[in-house]
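*Asks:* coordinates only, sequence not included:
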């Protein structure tokens, strides 16, 4: 068992989708990879510019989460060799921390012969992340509708409509979830609560039945987006006007600052929508990078590597899977 090396591939995610605050998540085809093996001494290699500044000792999140799996399974592997590369931008609202948590859980679990079930991993991930939407999407893939009551997380997975894709505009600044949560009110009026319950319910029903035309009516939110708009110049215009430029609906991705537009793959207005997102940010003096992403049907995957298999750096170079 100790010779085995595991390679993990885990998708990014977008959470909330507007009204589904802490309840709705969708996996996207942007990935992080982690190689993990039991070792004589701990080494952590972070590949790529994205990872600069992250710890390479035992305070690293991936290392710490892996140890939680071993503890839960009653085994001890204090020394690990870890290599990680990610195309998921950090603290931009695309589930970078959730993907690291899920990747670490799945990798460590595969190293010990999958002693824990996916459901058990989901519980650990949700407790760590404090909400189940991003981790659920990265674990199970597709669209995940979930809740966490502080003790237990439950979810239902939906297969995204074949004609659904996402355009994300990623501004060139970071926004911590902590800061984005700090601006939220502690109390809501009954009217706002009813508004969100109704919109979230219709949005899930629309996504489940493929009623794509309903998305723009349902993808509206009174709970978090209005309060976060002050942190993200241009956000309000994008939310209000994206559907006039070919979007099925628009939302803040996770805690932001990334903006997400859902689009019908058959649309002939994709260029117009992309230009609208970029120019709106640009008018507010913000540079933003756009990416067209598809929902990822598969959640986290793990594969054992044969002795002598190319390391992660070599695999990435050969596959050219890395996004520019």
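*Replies:* Nice, thanks for sending it over. All of these numbers come straight from a predicted model, not from anything done at the bench.

*Asks:* show me the helices in the stretch 51-200 of the chain, by range?
*Replies:* Ranges of helices within the stretch 51-200 of the chain are 61-73, 96-111, 118-129, 133-140, 177-182, 190-209, based on DSSP state H, counting those that start in this stretch.

*Asks:* which of those helices has the lowest average pLDDT?
*Replies:* Within the helices of the stretch 51-200 of the chain, confidence is poorest for helix 177-182, with a mean of 81 (mean pLDDT).

*Asks:* check what pLDDT residue 321 gets.
*Replies:* 54.

*Asks:* re the thing from before, quick one: closest of the helices of the stretch 51-200 of the chain to residue 171.
*Replies:* Nearest to residue 171, of all those, is helix 177-182, at 13.0 Å by Cβ to Cβ. C-beta here means a position set from N, CA and C on the backbone, and glycine is covered the same way.

*Asks:* hmm, back to that, turn the helices of the stretch 51-200 of the chain into CSV, columns for distance to residue 230 and mean neighbour count.
*Replies:* As requested, the helices of the stretch 51-200 of the chain are arranged in CSV below (distance: least, Cβ to Cβ, whole Å; neighbours: other Cβ atoms under 10 Å):
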stretch, distance to residue 230, mean neighbour count
helix 61-73, 29, 19
helix 96-111, 23, 27
helix 118-129, 25, 20
helix 133-140, 23, 32
helix 177-182, 11, 14
helix 190-209, 18, 16
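
*Asks:* any chance of the ones you listed in a markdown table, with distance to residue 82 too?
*Replies:* As requested, the helices of the stretch 51-200 of the chain are exported to a markdown table (distance: least, Cβ to Cβ, whole Å):
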| stretch | distance to residue 82 |
| --- | --- |
| helix 61-73 | 6 |
| helix 96-111 | 8 |
| helix 118-129 | 17 |
| helix 133-140 | 18 |
| helix 177-182 | 24 |
| helix 190-209 | 36 |
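
*Asks:* closest to residue 293 out of those helices?
*Replies:* Closest approach to residue 293 among the helices of the stretch 51-200 of the chain (Cβ to Cβ): helix 133-140, 12.5 Å.

*Asks:* what does that closest one contact?
*Replies:* With contact meaning Cβ atoms under 8 Å, 6 or more residues apart in numbering, helix 133-140 is reached by 10-16, 20, 22-27, 95, 97-99, 101-103, 106, 118, 121-122, 125-126, 128-129, 143-144, 146, 153, 155, 157, 254, 299-300.

*Asks:* now with 7 Å?
*Replies:* Applying Cβ atoms under 7 Å, 6 or more residues apart in numbering, the contact partners of helix 133-140 are 10-11, 13, 15-16, 22-27, 95, 98-99, 101-102, 118, 121-122, 125-126, 129, 144, 146, 155, 157, 254, 299-300.

*Asks:* sorry, back to before: of all the helices of the stretch 51-200 of the chain, which one comes closest to residue 315?
*Replies:* helix 96-111 (14.9 Å).

*Asks:* elements contacting that closest one?
*Replies:* strand 5-15, strand 24-38, helix 61-73, helix 118-129, helix 133-140, strand 301-305 (3 or more Cβ pairs under 7 Å, 6 or more residues apart in numbering; DSSP states H and E).

*Asks:* can you pull out the low-pLDDT segments for this structure?
*Replies:* Across the chain, the ranges flagged by pLDDT under 70 are 1-3, 319-324.

*Asks:* let's see 50
*Replies:* 1-2, 323-324 (pLDDT under 50).

*Asks:* domains for it, by residue range?
*Replies:* 6-159+296-319, 164-293 (the TED database).

*Asks:* so which of those domains is the most surrounded?
*Replies:* domain 6-159+296-319 (a mean of 20; mean count of other Cβ atoms under 10 Å).

*Asks:* tell me how far that domain lies from the chain's centre.
*Replies:* Distance of domain 6-159+296-319 from its chain centroid, counting by Cα atoms, centre = their mean, to the nearest Å, is 10 Å.

*Asks:* quick one: end-to-end length of stretch 159-166, please.
*Replies:* Its first and final residues considered, stretch 159-166 spans 15 Å by Cα to Cα, to the nearest Å.

*Asks:* actually stretch 183-191, not the one I typed
*Replies:* 20 Å.

*Asks:* ok, now stretch 156-172?
*Replies:* End residues of stretch 156-172 are separated by 34 Å (Cα to Cα).

*Asks:* chain center to it: distance?
*Replies:* With Cα atoms, centre = their mean, you get 11 Å for stretch 156-172.

*Asks:* gap between the residue nearest to residue 238 when sequence neighbours are not counted and residue 289?
*Replies:* Nearest non-adjacent residue to residue 238, counting by Cβ to Cβ, 6 or more residues apart in numbering: residue 259, 5.1 Å away. Distance, residue 259 to residue 289, by Cβ to Cβ, to the nearest Å: 12 Å.

*Asks:* and if you look at residue 95?
*Replies:* 17 Å.

*Asks:* now the strands for the stretch 201-324 of the chain?
*Replies:* Secondary structure of the stretch 201-324 of the chain by DSSP state E, counting those that start in this stretch: the strands cover 249-252, 259-264, 288-293, 301-305.
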